[in-house]
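Peer 1: need a structure here:
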Amino acid sequence: KTQVFLSVEKLLARLVTDRIVVLSQQQRREINEQFGVGRAAQFSVVPLGLDLNAFSNWKERGQAFRDELGLTDDDIAVGIVGRLTEIKNHDLFLRAAAVFKSEFSQPGVTVRFVVVGDGGLRKALERRSASLGLDRDMVFTGSRRDLGEVYPALDIVALTSRNEGTPLTLIEAMANARPVIATAVGGVVDLLGEPISADENQPFELRERGISVSPDDAEGFAAGLAKLVTEAGLRRETGKRGLQFVTSHYSKERLLEDIRMLYADLLKKNDF
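Peer 2: Below you'll find the model as predicted:
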């Protein structure tokens, strides 16, 4: 099936496409260089843009959601936000939580894992969570309309996807100055920035704006979580850098200007 769809994409790119819009340089590299779709000159990178004003007062939010979860100020909340579907690989989040609990938990430090979102896999994931012994550690909240209250309540935001373009979840987390940990797939690496430390003994990579982990590596993900859980200063610094990056790169004003320039370039080249 993958080969059929790739063949269709290649044909459409060659015959009827003037521009292929991608959300990140990493996505462009995968689509064009790895999968061989389109010519390099056809691609335009247009990152997402958000109304960042919606998150401007994040410091004043979050307490209501923490109260709902029964969290104290000293508890650490690790959350994952997204549809409960195969591509998001929530099973990795559950397995990483189980590894963290067995290998990295510390006396006096309460860590709660929060799954925000709904979907066809919810019941299966709830059963999986129970089988891993996470009944008291994992909370499934279902879909929420108050994400502006959810993100500031989380101390760490996780993403475990098998593939991504540019994940809105991570951008929104950064807009709330939340430190993030994510699988190194698609446009995730562009969001997290360059590596800032090299340690072959670590099963994760510390980057400018978060921690990246190889896809489907529960042990590495748990180790990265432990790094963030135990180092409050690291959480503050990566969250701060993430907020600065999103503010300067992902505003709706920048998106509108990019789209205007894209169409202006197309009109000019086609002499309309």
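
Peer 1: List the contacts of the residue nearest the centre of the chain.
Peer 2: Closest residue to the average C-alpha location of the chain: Leu170 at 3.7 Å, with C-alpha atoms, centre = their mean. Leu170 makes contact with Val157, Leu159, Val180, Ala182, Val188, Leu191, Gly210, according to C-beta atoms under 8 Å, 6 or more residues apart in numbering. For every residue, glycine as well, the C-beta is placed using N, CA and C.

Peer 1: What residues does the fifth one make contact with?
Peer 2: Pointing back at Val188 there. Val188 neighbours (C-beta under 8 Å, 6+ apart): Gln26, Leu159, Ser161, Glu164, Pro167, Leu170, Ala182, Ser212.

Peer 1: Go again with 7 Å.
Peer 2: Residues in contact with Val188, defined by C-beta atoms under 7 Å, 6 or more residues apart in numbering, are Leu159, Glu164, Pro167, Leu170, Ala182, Ser212.

Peer 1: Leu48 contacts Leu23, correct?
Peer 2: Yes. Using C-beta atoms under 7 Å, Leu48 is in contact with Leu23, at 6.0 Å.

Peer 1: what do these two both touch?
Peer 2: By the contact definition C-beta under 7 Å, 6+ apart, Leu48 and Leu23 are jointly contacted by Thr166.

Peer 1: quick revisit: looking at the contacts of Val188, which are in helices?
Peer 2: Of the positions in the contacts of Val188, Leu170 sit in helices, assigned by DSSP state H.

Peer 1: would TSV of the contacts of Val188 with pLDDT and distance to Ala54 be doable?
Peer 2: Converted to TSV, the contacts of Val188 look like this (pLDDT from 0 to 100; distance: C-beta to C-beta, whole Å):
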residue	pLDDT	distance to Ala54
Leu159	98	20
Glu164	87	22
Pro167	91	17
Leu170	96	16
Ala182	98	22
Ser212	96	27
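
Peer 1: from the contacts of Val188, which single one is nearest Ala77?
Peer 2: Nearest to Ala77 among the contacts of Val188 is Leu159, at 15.4 Å by C-beta to C-beta.

Peer 1: tally of neighbours for the residue lying closest to that closest one once chain neighbours are set aside?
Peer 2: Among residues not flanking Leu159 along the chain, Ala182 sits closest, at 3.9 Å (C-beta to C-beta, 6 or more residues apart in numbering). By other C-beta atoms under 10 Å, 28 other residues sit near Ala182.

Peer 1: who does Ala182 bridge with?
Peer 2: Leu159, Ser212 (DSSP bridges).

Peer 1: list the contacts for it?
Peer 2: Ala158, Leu159, Leu170, Val188, Leu192, Gly210, Ser212.

Peer 1: you'd agree Gly220 is up against Gln202?
Peer 2: No. Contact criterion C-beta under 7 Å: Gly220 and Gln202 do not qualify, at 8.3 Å.

Peer 1: who has more neighbours, these two?
Peer 2: More neighbours surround Gly220 than the other of Gly220 and Gln202, with 22 against 14 (other C-beta under 10 Å).

Peer 1: Spell out the secondary structure type for the more buried one.
Peer 2: Recorded secondary structure, Gly220: helix (DSSP: H, G, I helix; E, B strand; the rest coil).

Peer 1: contacting residues for the residue lying closest to it once chain neighbours are set aside?
Peer 2: Take Gly220 and drop its neighbours on the chain: the residue closest to it by C-beta to C-beta, 6+ apart is Pro203, 3.5 Å away. Neighbouring residues of Pro203 by C-beta under 7 Å, 6+ apart: Asp217, Glu219, Gly220, Ala223.

Peer 1: In TSV: the contacts of Val188, plus distance to Val78.
Peer 2: Formatted as TSV, those follow (distance: C-beta to C-beta, whole Å):
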residue	distance to Val78
Leu159	11
Glu164	19
Pro167	16
Leu170	14
Ala182	12
Ser212	16
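
Peer 1: That's all I had, so thanks and see you.
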